[in-house]
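A.B. asks: Kindly return the folded structure for what I paste below:
(2 chains)
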Amino acid sequence: MSTHHITVTINGTPYEGDVESRTLLVHWIRDTLRLTGTHIGCDTTSCGACTILVDGKATKSCTMFAVQAHGRQLMTVEGLEQNDKLHPIQEGFHQEHALQCGYCTPGMMMTSLALLQRNPNPTEHEIRVGISGNLCRCTGYVNIVKAIQFAAEKMRATEQVPVSAGEGGE
Amino acid sequence: MYGGDTLIPGSFDYLVAQSVNEAVALLDQHGEDAKILAGGQSLIPLLRFRLAGPSVLIDINRINGLEYIQETDGTLHIGALTREAELDSSSLIRDRYPILYDTSIMVADPVVRNWATVGGNLAHADPANDHPATMLALGASVVAMGPAGERVLSIEDFFTDMPFETALRPNEVLTEIRVPAPIPRSGGAYFKLERKVGDYAIAGVAAYITLDNNGNVSYAGIGLTNVGPVPIKARDAEHSLLGKPLDDASIHQAADLAAAAAQPTSDTRGPAEYKRDMVRTLTVRALRKARARATGGE
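C.D. replies: All right, here's what the predicted structure looks like:
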């Protein structure tokens, strides 16, 4: 068993610490750093509740070791809101009633952000494909799609530069 | 420490390889106890379920120059660390190798594909993975780097008759996949039946064909996904097509032979006979689409 000292930037803030090699990234983020907005759903790389951005790429943080994130730029759901102002994606989920229990929402929003950074004007089909790695058991996805369309429109209108998460897109 | 029912992998030493040579040296040093960590999208779940317990993981994600897709001298070269998402978005793949596009978009889900690698999809040698069948149909080869240098293996020789086993030696790293560039009147397609996005195939069929000047089949490759203990090359089905026009009669004969080559077992994805029947249906569809693509119909 090896232990590693890692430095990771999350939502623009540098964090460092010692991690066991087997510590999963999502556990370090939630249990050590106490950034508990990122959720754990299935533990089997299926549900996407733990999705964050790693160097701009949507990533299931239950399927990466914390040590692998050393030196990388991460963004979690806590990084969406800026200066007490909701991100257009958060606003979209609120306006369009895109959540019921809310468990999938952090991962769903981070996948949506990566999608819109890569493709600012997606079709409904592209949105549905884009979020197909994130499971929601409440909404039936209809309002989630609407929320992402809302956010896409607003982000295009304001040409808002998404919050820095490394290179962005992929 | 983390409480609950959370699945934690067993302990291991984590090492980072900065180059292929360093990865080979580390493998040579640690032998069978070591595993390569590429995208990790299959390996990490296996570790969490304690279905694998290597004492050393060698992370190759920091190696520069192992992620590329390029066609040179009649061969498509895919770096082993190329992410599935890169195949999804490559215009070269979409235009020239639509069978590979068919395949990559069926691998797991888009978030997983941001890290999952083409090399890992093959080296893991899971009969449920999607690239093995496609590479068998395409007649691909792979490059393995070891202490004595590199060697090239045909994809048929790469897979063994044991599940999750390849011909890679314990001190070899898969570095590249090579696919013959399409010659005129060639086309292929991959069809996968799945219960939901991200699931393994109920059954999957890859077909690749070339037609000669007279419209007769001069090359046929057919690979099957998740209908046996290992990726299956449907040789009898392939041979049955050679020298014949690709018409309904020859397609249905090949589909029957592909179904006969399948060795499915009954499980939660369906009874064996259903899966065998799906192989028949998917082979018909894959060959028809391959024909359409070979003849410029798509």
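A.B. asks: can you tell me the helix or strand for the residue of chain A found nearest chain B?
C.D. replies: Residue of chain A nearest chain B, by Cβ to the nearest Cβ: residue A:133 (2.9 Å). Using the backbone N, CA and C atoms, a C-beta is placed for each residue, glycine as well. For residue A:133, there is no enclosing helix or strand under DSSP states H and E.
A.B. asks: nearest spatial neighbour of the residue nearest the centre of chain A, skipping sequence neighbours?
C.D. replies: Of all residues in chain A, the one closest to the mean position by Cα atoms, centre = their mean is residue A:110, 2.6 Å from it. In space, residue A:110 comes closest to residue A:51 once its chain neighbours are excluded; the distance is 4.7 Å by Cβ to Cβ, 6 or more residues apart in numbering or on different chains.
A.B. asks: now residue B:169
C.D. replies: Take residue B:169 and drop its neighbours on the chain: the residue closest to it by Cβ to Cβ, 6+ apart is residue B:146, 6.0 Å away.
A.B. asks: residues in contact with the one you found?
C.D. replies: Contact analysis of residue B:146 by Cβ atoms under 8 Å, 6 or more residues apart in numbering or on different chains lists B:24, B:169, B:171-173.
A.B. asks: Against residue B:201, how distant is it?
C.D. replies: To residue B:201, residue B:146 is 32 Å away according to Cβ to Cβ, to the nearest Å.
A.B. asks: same check, this time on residue B:268
C.D. replies: Per Cβ to Cβ, residue B:268 is found 13 Å from residue B:201.
A.B. asks: Of the two, give the one with the bigger neighbour count.
C.D. replies: Neighbour count, other Cβ atoms under 10 Å in any protein chain shown: between residue B:268 and residue B:201, residue B:201 has more, with 25 against 6.
A.B. asks: Ramachandran angles for the residue in the stretch 101-250 of chain B that chain A sits nearest to?
C.D. replies: Nearest residue of the stretch 101-250 of chain B to chain A (Cβ to the nearest Cβ) works out as residue B:109 at 2.9 Å. Here is the backbone geometry of residue B:109 (degrees, to the nearest 10): phi -140, psi 170.
A.B. asks: pretty sure it contacts residue B:198?
C.D. replies: Yes - using Cβ atoms under 8 Å as the test, residue B:109 is close enough to residue B:198 to be in contact (4.3 Å).
A.B. asks: Look at the two and report which has more neighbours.
C.D. replies: residue B:109 (26 against 20).
A.B. asks: ok so, going back, do you know how far the residue nearest to residue B:169 is from residue B:125?
C.D. replies: Relative to residue B:125, residue B:146 is positioned 18 Å away (Cβ to Cβ).
A.B. asks: which residues are common contacts for residue B:109 and residue B:198?
C.D. replies: Joint contacts of residue B:109 and residue B:198 (Cβ under 8 Å, 6+ apart) are A:132-133.
A.B. asks: Show me where chain A has its strands.
C.D. replies: Using DSSP state E, the strands of chain A run over A:3-10, A:13-20, A:51-54, A:57-60, A:73-75.
A.B. asks: Pairing partners for the last one, with directions?
C.D. replies: Okay, so that is strand A:73-75. When sheet partners are counted by DSSP bridges, strand A:73-75 sits next to strand A:3-10 (parallel), strand A:51-54 (antiparallel).
A.B. asks: now that strand: mean pLDDT?
C.D. replies: Strand A:73-75 shows an average pLDDT of 98 in the prediction.
A.B. asks: same question, the second one
C.D. replies: The pLDDT scores in strand A:13-20 average 98.
A.B. asks: Spit out the contact partners of residue 156.
C.D. replies: Since no chain was named, I'll use chain A. For residue A:156, the contacting residues are A:120-121, by Cβ under 8 Å, 6+ apart.
A.B. asks: I was after chain B.
C.D. replies: Contact analysis of residue B:156 by Cβ under 8 Å, 6+ apart lists B:136, B:233.
A.B. asks: Would you mark the buried spots in the biggest helix by length in chain A?
C.D. replies: Criterion DSSP state H: the longest helix present in chain A is helix A:142-158. Within helix A:142-158, the residues that qualify as buried are A:143-152, A:154-155, counting by 16 or more other Cβ atoms under 10 Å in any protein chain shown.
A.B. asks: what's the answer for stretch B:25-38, then?
C.D. replies: B:26-27, B:30, B:34-38.
A.B. asks: Could you list the low-pLDDT ranges of the chain?
C.D. replies: All of this is about chain A. Applying pLDDT under 70 to chain A flags the ranges A:160-170.
A.B. asks: hm, I was asking about chain B
C.D. replies: In chain B, residues with pLDDT under 70: B:1-6, B:298.
A.B. asks: Find the residue at the geometric middle of it.
C.D. replies: Chain B has residue B:131 as the residue nearest its centroid, 1.8 Å off, counting by Cα atoms, centre = their mean.
A.B. asks: Report the separation between the nearest residue to that one once chain neighbours are set aside and residue B:127.
C.D. replies: Using Cβ to Cβ, 6+ apart and skipping residues adjacent in sequence, the residue nearest residue B:131 is residue B:121, 4.3 Å away. Distance from residue B:121 to residue B:127, counting by Cβ to Cβ: 12 Å.
A.B. asks: Residue B:73 now?
C.D. replies: Distance from residue B:73 to residue B:127, by Cβ to Cβ: 32 Å.
A.B. asks: Of the two, give the one with the bigger neighbour count.
C.D. replies: Legend: neighbour count by other Cβ under 10 Å for residue B:73 and residue B:127, higher for residue B:127 (21 against 6).
A.B. asks: any idea how the chain splits into domains?
C.D. replies: All of this refers to chain A. Using automatic domain parsing, the domain parsing of chain A gives A:3-79, A:88-158.
A.B. asks: my bad, the chain I had in mind was chain B
C.D. replies: As given by automatic domain parsing, the domain ranges for chain B are B:13-59, B:69-180, B:186-294.
A.B. asks: where exactly do the helices run in the stretch 151-298 of chain B?
C.D. replies: B:155-158, B:235-241, B:248-261, B:272-294 (DSSP state H, counting those that start in this stretch).
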